[in-house]
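1. Next input, structure requested:
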Amino acid sequence: MIALLRWLLSVIIMVGVILFTFANRDKIPVQLHPFHDPYEIFAFALTLAALTLGFVLGGAMVWLNNADIRADRRRQKKRIKELEKELEKARAQERSVDTATLIESMNNG
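-> Numbers count the residues shown, from 1 in each chain. Okay, here's the model as predicted:
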C-alpha cells in the first residue's frame, strides 16, 4: 500500500515538473556581475537547478545534524555484540559446570 502511494506521489511530482518545464521555456538573462557578460538560460533550468541545490543542501544538513545519532547507534551495536559474547561465554561456562556436576553425581551414586 505504501509502495503504491509512493509511486502515485512520484508520478504526480513528475507530471508537475513536466508541466512546469513546458510553461517556462522562455529564456532569461543571467549575469554573474563581476565575472562575465550575461548569458541566456531557460527559466525552468534555472528554477529546477535552484530547487535541486536546495534539496541536496537540505539533505546534507539533515545528514550532518544526525551524525551524533548515527554514532550512538554504532556504539550501541558494538556494545550489544560485546554483551552477546559475554552471555554466550556465561552459558558455555554454566553448561560445563552442569556437566561436571552431573558426572560427579553419577560417580558418587
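
2. From residue 36, how far off is the most centrally placed residue in the chain?
-> Centroid-nearest residue in the chain: residue 63, 7.8 Å away (criterion: Cα atoms, centre = their mean). Noted for residue 63: a distance of 34 Å to residue 36, by Cβ to Cβ, to the nearest Å. Any C-beta I mention is one placed from the backbone N, CA and C, and that applies to glycine too.

3. still on that earlier bit, what about the residue nearest to the centre of the chain, distance to residue 35?
-> With distances taken as Cβ to Cβ, residue 63 is found 31 Å from residue 35.

4. got a list of contacts for whichever helix or strand residue 46 is part of?
-> Per DSSP states H and E, residue 46 falls inside helix 43-65. Applying Cβ atoms under 8 Å, 6 or more residues apart in numbering, the contact partners of helix 43-65 are 17, 20-21, 23-28, 30.

5. need the next SSE after it, C-terminal direction.
-> helix 67-108.

6. could you give the mean pLDDT of that following helix?
-> Helix 67-108 comes out with an average pLDDT of 87.

7. pLDDT wise, what is the closest residue to residue 43 other than its chain neighbours at?
-> Nearest non-adjacent residue to residue 43, counting by Cβ to Cβ, 6 or more residues apart in numbering: residue 24, 4.1 Å away. At residue 24, the model reports a pLDDT of 88.
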